[in-house]
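**Q** model this:
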Amino acid sequence: MSQILKIQDLKVSFNTEQVNVQAVKEINFELTQGKTLGIVGESGSGKSVTSLAMMQLLPKTGCEVSGHCWFESPSLGKVDLLTLSTEEIQQIRGKEIAMIFQEPMSSLNPLYTCGDQVMEAILLHEKCDKKTAKEKTIKLFEQVELPRPESIFKSYPHQLSGGQKQRVMIAMAISCKPSILIADEPTTALDVTVQKGILKLLEKIQEEYNMSVIFITHDLGVVAEIANEVLVMFKGDVLEKNNVENIFNNAQHPYTKGLLACRPTLETVKTVLPTVEDFLNQEKDSTFVSSSLQKNTTTDKLLLEVKDLCTYFPTKKTWLGKPIEFVKAVNEVNFNVYEGETIGLVGESGCGKTTLGRTILQLIKPTKGNIFFEGKEITNLKSKDLRNLRKDIQIIFQDPYSSLNPKMTIGEIIIEPMRVNNILSNEQERKTKAIELLEIVGLDGAILSRYPHEFSGGQRQRICIARTLALQPKLIICDESVSALDVSVQAKVLNLLNELKSTFHFTYIFISHDLSVVKYMADRMIVMKDGQIVEQGLADEIYQQPQTEYTRSLIEAIPTGDLSKNKNYTHG
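**A** Presented below is the predicted three-dimensional model:
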């Protein structure tokens, strides 16, 4: 097999007045024609910066790039991508090397239809008229298995689901049949079933065009199913590179071993999850021994009871403003939550799980039905009673970046809810309590005067948890609270949530589309589809013997790190 890309001594640094950051430290690797290279590592490891440097997409000021990126260009011959002129790199970008970015919503222009955006790429690189470009775009939409291609051609990005938007991005990326496709975390924000479809699609397109793929991710479970070779990065360095079989069966570096171990799987028992630090800090020949979690402290006391709950959103009204058509986001839902247990709430995007959580919190008013908290009906509370309720039921949101006010210090963020709810008698006591809460979640109390932008995603999520603890709630709703985090950071947050549960006897409703995480966290599980509960019961029993085809499909779609699913490995 011929070598299509060779990276030699690539170095990237970002310079500010205060500090020089070495984002990539003289790394070397190769990419073979028609093969997939998986680049894995945590946020900040240099994965995305490496690909952006190759494409000359890094800023020209404050950034230094050195080394060589040799590419066998179909049009220009063997070239160093880093030395090409603006005109030459534009000739290669999109046509010969294409990129799929992580977040399709921010990568697609909201002002233009999906069809126009893909057409633009075709018209830019190929000599054809608009009619031909439109025909090619609709064929591409068919190729990436989008439903109703002609309708989606006219649709704007906000009118599509996350999976559909990502398929539009893939159509754009393959529109000129590139030699190399760089997929930068293309499935991180997607449901497991949608992710499975996207991975199969990429595999099919790669085979059809004999494309080379660089697949960037922090999830080794995904890499196991698609890659031929794997490159493990950490803080700008390549720690390990090998074929997929050796990485998974005989990893050499403690960091790689940590990444493999810290993600809960369907087989993970209720133990404290190992973290990457556990492997980096241990002696070379020692092995991590995980301690058992405390036994479940569920009581027979009924904390929350949901009866025939419906939350509908009007989609069409009469000229008098009376709703006549609805989206039934939550439809005739019934379940109970007992004190001290963790209920896992799972399903694909749009199934109604977040709406259900927000209806319980009374952030959204239900259309009909009843919610009882500690035996008291809460759907028609007055404002004072509602404030008291929200003290007892708290939520940890999905995105730790947008759920913290960037204008407030960490101290103000944690102290404000205590002040509003008259917890403790003065500001000094509240400040002391805030420091104590930060230390409980594993942060230094000295950060009170700092701002959210100064912290990583995992640290911000810990700050969100500290803010939640400030009100000493009885029920905490975790709404996709670890889905935006690296697997290594996710392990730390999951361990923290379990530790807090045993210390403070919390009750959790844990909402997620990641079934392996829910299985690890939950005592009982509720599966939702189209606003309704399709299955509920003990988490272990549902995983071992799912009763519905929908639940089976969710479980089968989980990336498990099983090499037998990788056809490159299976066939040699």
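**Q** how about the strands in the stretch 151-300 of the chain?
**A** For the stretch 151-300 of the chain, the strands defined by DSSP state E, counting those that start in this stretch cover 180-184, 212-217, 229-234, 237-243.
**Q** does residue 554 sit in a helix or strand, and which one?
**A** Element membership of residue 554, judged by DSSP states H and E, is helix 549-556.
**Q** What residues of stretch 202-222 count as buried?
**A** Along stretch 202-222, these residues count as buried under the neighbour rule (16 or more other C-beta atoms under 10 Å): 202-203, 205-206, 211-222. C-beta here means a position set from N, CA and C on the backbone, and glycine is covered the same way.
**Q** Help me confirm that residue 354 comes into contact with residue 512.
**A** No - assessed by C-beta atoms under 8 Å, residue 354 is found out of contact with residue 512, at 10.6 Å.
**Q** Can you check which residues contact both of those two?
**A** residue 480 (C-beta atoms under 8 Å, 6 or more residues apart in numbering).
**Q** Three-state assignment for the residue of the chain most remote from its centre, please.
**A** Centroid-distance maximum for the chain: residue 320 at 42.2 Å, with C-alpha atoms, centre = their mean. Look at residue 320: counting by DSSP: H, G, I helix; E, B strand; the rest coil, its state is coil.
**Q** In contact with it, which residues?
**A** Counting by C-beta under 8 Å, 6+ apart, residue 320 has no contacts.
**Q** how near is it to residue 555?
**A** Computed as C-beta to C-beta, to the nearest Å, the residue 320 to residue 555 distance reads 47 Å.
**Q** Next, the buried residues of stretch 382-402.
**A** 389-391, 393-400.
**Q** from those residues, which is closest to residue 96?
**A** Taking C-beta to C-beta as the measure, residue 96 sits nearest to residue 399 out of the buried residues of stretch 382-402, at 35.1 Å.
**Q** Count residues in the vicinity of residue 302, would you?
**A** Using other C-beta atoms under 10 Å, residue 302 is surrounded by 14 other residues.
**Q** same check, this time on residue 98
**A** 25.
**Q** On the three-state scheme, it is what?
**A** Here residue 98 is recorded as strand under three-state DSSP.
**Q** Specify the local secondary structure of residue 31.
**A** With three-state DSSP as the basis, residue 31 sits in strand.
**Q** tell me the contacts of it?
**A** 3-6, 37, 180, 212, 214.
**Q** Is residue 482 in contact with residue 464, as I believe?
**A** No - using C-beta under 8 Å, residue 482 is not in contact with residue 464, being 11.3 Å away.
**Q** mind listing what's buried in the strand or helix carrying residue 328?
**A** Using DSSP H and E, residue 328 falls within strand 323-338. Buried residues in strand 323-338, defined by neighbour count with 16+ other C-beta under 10 Å: 329-331, 333, 335, 337-338.
**Q** ok, that strand: who's next to it in the sheet?
**A** Its sheet considered, strand 323-338 pairs with strand 302-317 (antiparallel) by DSSP bridges.
**Q** The strand it pairs with: which residues count as buried?
**A** Taking 16+ other C-beta under 10 Å as the criterion, strand 302-317 shows 303-306, 309-312 as buried.
**Q** Give me the residues contacting it.
**A** Contacts with strand 302-317, where a contact means C-beta under 8 Å, 6+ apart, come from 323-339, 352, 355-356, 359-360, 364-375, 474-475, 507.
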